[in-house]
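Visitor: Sequence first, predicted coordinates after that:
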Amino acid sequence: MHSNNDVSVIIHTYKGEATQHVLEAIASAHKLTSNIIVIDMESTPAVREQIKKNAVKIVSFPFSHYVEPARAFGIQQANTDWVFILDADERITSELAAEIKERIQSTKYSYYKVPRKNIFGKVKWLKSGGWWPDHQMRLIHKPDFKSWPKQIHATPVINGEMGYLDSPLLHYFHGDLQGMVQKTTLFENIESDLLYKANRPVKTSTFFRKFVGELYRRLLKNRGFMDGPIGVIESIYQAYSKTITYLYLYEKKHSSNL
């Protein structure tokens, strides 16, 4: 049984991150603990100065376009038995903070997944389209933590049993369409590199299959249309995003013939 009643929140920030995003994440983390560590991946001097004013620990880490390389490093910086991973566009609610404090008093679990409310542009909670409950592994008993692979969207290696929290984490994603597209071209290129290294096959028919398959899954099977126009837009965007990955993969495999 774990009995430690203290926890650290690990927040990752990066080059180009909006100052307000980081400050709001820090403010929400204070609902849970005063042990807040910001892993700074080459953000601007203005952002770092504002972080320091909030009386939190800040540690530098080499820049990466995604957070996985810095997460194991961040966990190692904590001197508490429990850590909670928080991205700069996420917020801890009072209800979630209270539940975490209660759970870590005495539990048989070594780590927990938390449900996440994906809120489009801070105005629309996407309840359909496969977006809810979107469980994320975030609360970890540090002595049981082993590693966090550096690949994008990698799952951490942790000893012991997994539990589930009931109170949700808030995720303010996709502030605008332009930002969505810019992020897609970056992250899907990284995803295509992983597929290329795995020698995943691709041909022109793959583009249509991936687009139609993802659109059907998001919009119809998981009833994304129930979230109104934003749900429809997000379903189309996810189909586009999936297709872009394979377009990049095709280019990498056939670059000499293009």
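Guide: Yep, it's here.
Visitor: can you pull out the helices in the stretch 151-258 of the chain?
Guide: Using DSSP state H, counting those that start in this stretch, the helices of the stretch 151-258 of the chain run over 177-197, 204-215, 228-254.
Visitor: Would you mind putting those into JSON lines with mean pLDDT alongside?
Guide: Shown next, in JSON lines, are the helices of the stretch 151-258 of the chain (pLDDT from 0 to 100):
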{"stretch": "helix 177-197", "mean pLDDT": "84"}
{"stretch": "helix 204-215", "mean pLDDT": "96"}
{"stretch": "helix 228-254", "mean pLDDT": "94"}
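Visitor: For residue 203, list the residues it contacts.
Guide: Going by CB atoms under 8 Å, 6 or more residues apart in numbering, residue 203 touches residue 250. In this view, the C-beta of every residue, glycine as well, is placed from N, C-alpha and C.
Visitor: where's it relative to residue 6, distance?
Guide: Noted for residue 203: a distance of 54 Å to residue 6, by CB to CB, to the nearest Å.
Visitor: ok, now residue 194?
Guide: Distance, residue 194 to residue 6, by CB to CB: 37 Å.
Visitor: ditto for residue 155
Guide: Separation of residue 155 from residue 6 (CB to CB) stands at 25 Å.
Visitor: What's the first helix or strand after the lowest-mean-pLDDT helix or strand in the chain?
Guide: Every helix and strand of the chain was ranked by mean pLDDT, DSSP states H and E. The lowest is helix 45-53, at a mean of 80. As assigned by DSSP states H and E, the chain's next helix or strand after helix 45-53 is strand 57-60.
Visitor: if you count what's nearby, which of residue 155 and residue 6 comes out ahead?
Guide: Comparing residue 155 with residue 6 by neighbour count (other CB atoms under 10 Å), the higher total belongs to residue 6, at 14 against 10.
Visitor: thinking the more buried one is in contact with residue 34, fair?
Guide: No - in this structure, residue 6 is not within contact of residue 34 by CB atoms under 8 Å, at 9.6 Å.
Visitor: what sits opposite the spatially most central residue of the chain in the beta ladder?
Guide: For the chain, the residue sitting closest to the mean C-alpha position, by CA atoms, centre = their mean, is residue 87 at 6.2 Å. Note on residue 87: beta-bridge partners by DSSP bridges are residue 12.
Visitor: Contact partners for it?
Guide: By CB under 8 Å, 6+ apart, residue 87 lies in contact with 11-12, 25, 67, 171.
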